[in-house]
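S.K.: Based on what follows, work out the 3D shape:
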Amino acid sequence: MPEGDVLRRTAARLDQALAGRVLTRAELRWPSVAGVDLVGRTVLVTAPYGKHLLTRLDDGRTLHTHLRMDGRWSVERTGSVQAAGRRSDVRVLLGNAVWTAVGHELGMVDVVATRDEGTLVGHLGPDVLADDFPTAGLPEALRRWGLTGATPACEVLLDQRVAAGIGTIYLAESLFALGTWPWTPADQVDAGRLLGVARTLMQRSVAAELPGSTGDRERTTRRVHGRARQPCLRCGTPIRVGEARRPPTTRPVFYCPRCQAPGTTIPGP
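M.R.: The predicted structure follows:
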């Protein structure tokens with residue numbers, strides 16, 4: 001599932017194409033909103049929140065979308081074959097005179113009053129990548145973290161109600177960066193430091209993909225995620241993969257059994 005860094009980049013791309021422009025085409029191919037008409041409205045902004053996208057319009061409505069596991073947005077030149085949206089996986093089309101945003105395989109599509117966005121995302125914890133996370137978001141995330149007791153740290157990192165935006169990639173990478181055994185009880189880890197590392201790694205990912213950026217590819221390389229049985233880049237031990245949560249919501253957890261042995265602590269990234 002795309003994580004907070006991907007959503008930040010997606011929101012920025014949608015803003016480049018749609019913000020400040022009037023919609024000349026708007027097709028919502030989703031049963032609950034199929035009859036909603038957005039044509040003629042001006043897009044104000046697409047704001048990411050965790051793994052959600054909130055496209056706000058000038059009439060006080062918000063189009064809410066979520067990528068789930070396989071969703072993605074592409075931006076195509078209006079009038080092109082790609083912008084026609086004839087593919088069966090297209091769920092949303094938002095077009096203006098220049099660009100058309102095409103939402104493929106989206107997992108959620110809603111239209112609500114902007115003032116009611118909280119009904120969709122209000123249950124989530126603070127967005128790890130929000131500008132005010134270090135000052136306003138982190139204290140609230142730590143309060144929520146403290147309520148999880150001895151739940152394994154890897155499971156708490158996945159809990160969007162604690163902090164929004166972290167998935168299996170940055171769960172694995174942040175725990176590896178600090179040499180933390182993934183199943184350490186949440187009340188035995190430095191949650192503030194761990195969430196700070198996750199934020200830093202995600203920020204690097206966003207920066208590496210900015211237009212015109214050369215990026216620091218070495219620093220954004222995945223150290224453990226998706227590297228089962230490959231040698232650890234720190235010690236050479238084969239990477240293992242375990243599980244967080246129970247069926248049917250299990251998620252893979254990649255880790256180094258040596259660098260992340262219980263009781264290990266390593267300086268941050």
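
S.K.: what residues go with each domain of this protein?
M.R.: Using automatic domain parsing, the domain parsing of the chain gives 4-121, 133-255.

S.K.: Turn these into TSV, including distance to D127.
M.R.: Placement of C-beta: from N, CA and C, glycine included. Output for those, formatted as TSV (distance: least, Cβ to Cβ, whole Å):
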stretch	distance to D127
domain 4-121	5
domain 133-255	5
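
S.K.: Mean pLDDT, mean neighbour count and distance to A261 for those domains - can I get that in JSON lines?
M.R.: Putting those into JSON lines (pLDDT from 0 to 100; neighbours: other Cβ atoms under 10 Å; distance: least, Cβ to Cβ, whole Å) gives the following:
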{"stretch": "domain 4-121", "mean pLDDT": "97", "mean neighbour count": "17", "distance to A261": "28"}
{"stretch": "domain 133-255", "mean pLDDT": "92", "mean neighbour count": "18", "distance to A261": "6"}
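
S.K.: now the strands for the stretch 1-150 of the chain?
M.R.: In the stretch 1-150 of the chain, strands defined by DSSP state E, counting those that start in this stretch lie at 25-28, 43-49, 52-57, 61-66, 72-77, 90-95, 99-104, 108-113, listed in chain order.

S.K.: List of residues touching the second one?
M.R.: Taking Cβ atoms under 8 Å, 6 or more residues apart in numbering as the criterion, the residues outside strand 43-49 that touch it are 4, 7-8, 10-11, 14-15, 18-21, 23, 53-58, 94, 96, 121, 124, 127, 129-130, 164.

S.K.: and that strand, which strands flank it?
M.R.: For strand 43-49, the paired strands and their directions (DSSP bridges) are strand 52-57 (antiparallel).

S.K.: Just the angle for the strand it pairs with relative to strand 61-66, thanks.
M.R.: Going by axes from the mean of the first three to the mean of the last three Cα atoms, to 10 degrees, strand 52-57 is angled at 160 degrees with respect to strand 61-66.

S.K.: Contacts only, for H66.
M.R.: By Cβ under 8 Å, 6+ apart, the contact list for H66 reads K51, H52, L53, L106, G107, M108.

S.K.: Closest one of these to G236?
M.R.: Proximity of the contacts of H66 to G236 (Cβ to Cβ) peaks at K51, which lies at 34.0 Å.

S.K.: just so I know, which of the domains of the chain lies nearest G263?
M.R.: domain 133-255 (7.6 Å).

S.K.: What's the end-to-end length of that closest one?
M.R.: Terminal residues of domain 133-255 are spaced 27 Å apart (Cα to Cα, to the nearest Å).

S.K.: Quick one: distance of that domain to the chain centre.
M.R.: Distance, stretch centre to chain centre, for domain 133-255: 12 Å (Cα atoms, centre = their mean, to the nearest Å).

S.K.: and stretch 123-134, how far apart are its ends?
M.R.: For stretch 123-134, the end-to-end distance is 20 Å (Cα to Cα).

S.K.: in that stretch, what counts as buried?
M.R.: L124, G125, P126, D127, V128, L129, A130, F133 (16 or more other Cβ atoms under 10 Å).

S.K.: which outside residues touch it?
M.R.: Applying Cβ under 8 Å, 6+ apart, the external contacts of stretch 123-134 come out as 4-5, 8, 48-50, 52, 136-138, 140-141, 144, 159-166, 195-196, 198-199, 202-203, 206.

S.K.: Which strand or helix spans V253?
M.R.: V253 is located in strand 251-255, with elements delineated by DSSP states H and E.

S.K.: Please verify my assumption that R258 contacts C235.
M.R.: Yes: counting by Cβ atoms under 8 Å, R258 touches C235, with 5.1 Å between them.

S.K.: Remind me what the helix or strand encompassing R204 packs against, helices and strands.
M.R.: Element membership for R204, per DSSP H and E: helix 191-208. Here helix 191-208 is seen to pack against helix 4-18, helix 138-146, helix 153-158, helix 168-177 when contacts are counted using 3 or more Cβ pairs under 8 Å, 6 or more residues apart in numbering; DSSP states H and E.
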